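[1] Sequence unavailable; structure follows:
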């Protein structure tokens, strides 16, 4: 009799404890599901945030319509991280921040998570916030077992995630900036061992077939970028962007007789006569480097500078500019200013070739035509802006730094 009572007591305890254990087990399963869901959502937020940050860095968040387009991008990337099951999917709840035209991030609520901590002072930032969404149009992740075991005591939980990306404004002088929006080889580096230190931007493609050519620290392209050079050719972290206008330029009209720059230069201004061009604007003034006047020199036709020597002038020509010689040094009228400006529409509006070790200590501009650089060991301090740019030089350097004329502000991701 005593044994039967003991057995009954054990049975009662087992029955009661099995219910508790079953409830705990159900909660464990559902809590595990919540953690899995949280990881899925974080992956979605990270993927969407990275895509939106890349777009904002390229200028895609400067307008209301651009911001609206980011929602489509974010939803696309967020949904790639999960297979919809049981009607549960990822909902993007906010794209916000201090970056360009993004709206200010809303204050987080109990059902809408935010990123931990605050962004660093001075950084622009964006946040992409996501949460669980299900077929019932609620943000609650429904329970798998706990609701059945516990009745109405557990209806599920809201799961959220957030990703933040920050960027900092960086001012730089473009080393190469090509304006043409159509055609192939708009920027082409065909030589060998040319080092470009400064921003490279093409409104179309960038083609690097040369060996050992290095473009640093950043390269922007609109259509395609192709790097075929072997033996150390390097174009790190190229970024696809939208077309952009010249970040700086000078107006040729200001350098014509009576123009603002011409008047400001006073006695340091020289206008070459049309007679020196053979009497025609389509002609060419051929001059030895040592005979080029100092200051600002306006040429109403094309100009061909021969032989070596120092040229201490800003040359502004209506026609093509040709620089031929060895060891020539060209210093603009003021340090870091533009050195060569051509108004020509020719493919070689500026052509620097036929020699070696030429140094141009100022910017080169051909807004309507192309620029060709094809000497050996040459050095260009303040970059090139033109419709198209062909670099055939070997062992040359193209530098751009804060001492040069004109800077462009770019956003660089910092985290």
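    Perfect, I can see it now. Not measured: the values here are computed from a predicted model.

[2] Which residues does residue 214 form beta bridges with?
    Beta bridges link residue 214 to residue 195, residue 234 when assigned by DSSP bridges.

[3] Can you give me the neighbour number for it?
    Using other C-beta atoms under 10 Å, residue 214 is surrounded by 18 other residues. Heads up, the C-betas are built off the backbone N, CA and C, glycines and all.

[4] That one touches residue 208, doesn't it?
    No: counting by C-beta atoms under 8 Å, residue 208 is not a contact partner of residue 214; they are 9.4 Å apart.

[5] so what sits against both of those two?
    Shared contacts of residue 214 and residue 208 (C-beta atoms under 8 Å, 6 or more residues apart in numbering): 233, 235.

[6] Okay, domains of the chain per the record?
    8-167, 173-413 (automatic domain parsing).

[7] just these: most buried one?
    Here the criterion is mean neighbour count by mean count of other C-beta atoms under 10 Å, and of these the winner is domain 173-413, at a mean of 20.

[8] Off-centre distance for that domain?
    22 Å (C-alpha atoms, centre = their mean, to the nearest Å).

[9] average pLDDT for it?
    For domain 173-413, mean pLDDT rounds to 90.

[10] Please report the distance of residue 126 from residue 50.
    Residue 126 sits 10 Å away from residue 50, taking C-beta to C-beta, to the nearest Å as the criterion.

[11] hey, what's in contact with both of those two?
    Joint contacts of residue 126 and residue 50 (C-beta under 8 Å, 6+ apart) are residue 165.

[12] what are the ranges of the strands in the stretch 151-300 of the chain?
    Counting by DSSP state E, counting those that start in this stretch, the stretch 151-300 of the chain has strands at residues 157-158, 160-172, 174-178, 187-189, 195-197, 199-202, 206-208, 214-216, 219-221, 225-227, 238-240, 269-271, 284-288, 295-299.

[13] Ok, the stretch 1-150 of the chain next?
    Counting by DSSP E, counting those that start in this stretch, the stretch 1-150 of the chain has strands at residues 89-97, 124-133, 140-141.

[14] quick one, what contacts the residue found closest to residue 70 once you drop the neighbours it is linked to in the chain?
    With sequence-adjacent residues excluded and distances taken as C-beta to C-beta, 6 or more residues apart in numbering, residue 70 is closest to residue 52, at 4.8 Å. Counting by C-beta under 8 Å, 6+ apart, residue 52 touches 61, 70, 73, 74, 95, 126, 128, 165.

[15] and residue 52, how far is that from residue 240?
    On the measure of C-beta to C-beta, residue 52 and residue 240 end up 14 Å apart.

[16] For the closest residue to residue 105 other than its chain neighbours, list each beta-bridge partner.
    Spatial nearest neighbour of residue 105, chain neighbours left out: residue 96 (3.9 Å); criterion: C-beta to C-beta, 6+ apart. In this entry, residue 96 is beta-bridged to residue 127, by DSSP bridges.

[17] wouldn't residue 96 be in contact with residue 126 here?
    Yes: taking C-beta under 8 Å as the definition, residue 96 is a contact partner of residue 126 at 7.0 Å.

[18] Give me the common contacts of those two.
    Contacts common to residue 96 and residue 126, judged by C-beta under 8 Å, 6+ apart, are residue 102.

[19] re earlier: would you quantify the distance from the residue nearest to residue 70 to residue 201?
    22 Å.

[20] now the closest residue in space to residue 399 that isn't next to it in sequence: how far from residue 365?
    Distances taken as C-beta to C-beta, 6+ apart put residue 197 closest to residue 399, at 4.7 Å, once the chain neighbours are dropped. From residue 197 across to residue 365, the span is 19 Å (C-beta to C-beta).

[21] Go through the contacts of residue 52 and say which is closest to residue 350.
    Set against residue 350, the nearest of the contacts of residue 52 by C-beta to C-beta is residue 61 (35.7 Å).

[22] Kindly provide the distance from that closest one to residue 238.
    20 Å.

[23] again with residue 388
    Distance, residue 388 to residue 238, using C-beta to C-beta: 18 Å.

[24] repeat for residue 374
    Distance from residue 374 to residue 238, by C-beta to C-beta: 24 Å.

[25] With residue 43 instead?
    Counting by C-beta to C-beta - residue 43 and residue 238 are separated by 26 Å.

[26] list the contacts for residue 271?
    Neighbouring residues of residue 271 by C-beta under 8 Å, 6+ apart: 256, 257, 262, 298, 300.

[27] Across the sheet, point out what pairs with it.
    residue 298.

[28] please begin residue numbering at 787 from this point
    Renumbered: residue one is now 787, and that last one reads residue 1057.

[29] which residues of the stretch 787-936 of the chain fall in helices?
    Listed in chain order, the helices of the stretch 787-936 of the chain (DSSP state H, counting those that start in this stretch) span 788-843, 850-865, 932-936.

[30] I'd like to check which residues are in contact with residue 976.
    Counting by C-beta under 8 Å, 6+ apart, residue 976 touches 995, 996, 1176, 1177, 1178.

[31] C-terminal to whichever helix or strand the third one is part of, what's the next element?
    Following DSSP states H and E, the helix or strand that holds residue 1176 is strand 1170-1177. Reading on from strand 1170-1177 to the C-terminus, the next helix or strand found by DSSP H and E is strand 1183-1185.

[32] Pull up the pairing partners for the strand holding residue 1176, direction included.
    Using DSSP bridges, the strands paired with strand 1170-1177 are strand 960-964 (parallel), strand 973-975 (parallel), strand 1149-1159 (parallel).

[33] contacts for the second one?
    Surrounding strand 973-975, the residues in contact under the criterion C-beta under 8 Å, 6+ apart are 962, 964, 982, 986, 988, 991-996, 999, 1001, 1015, 1174-1177.
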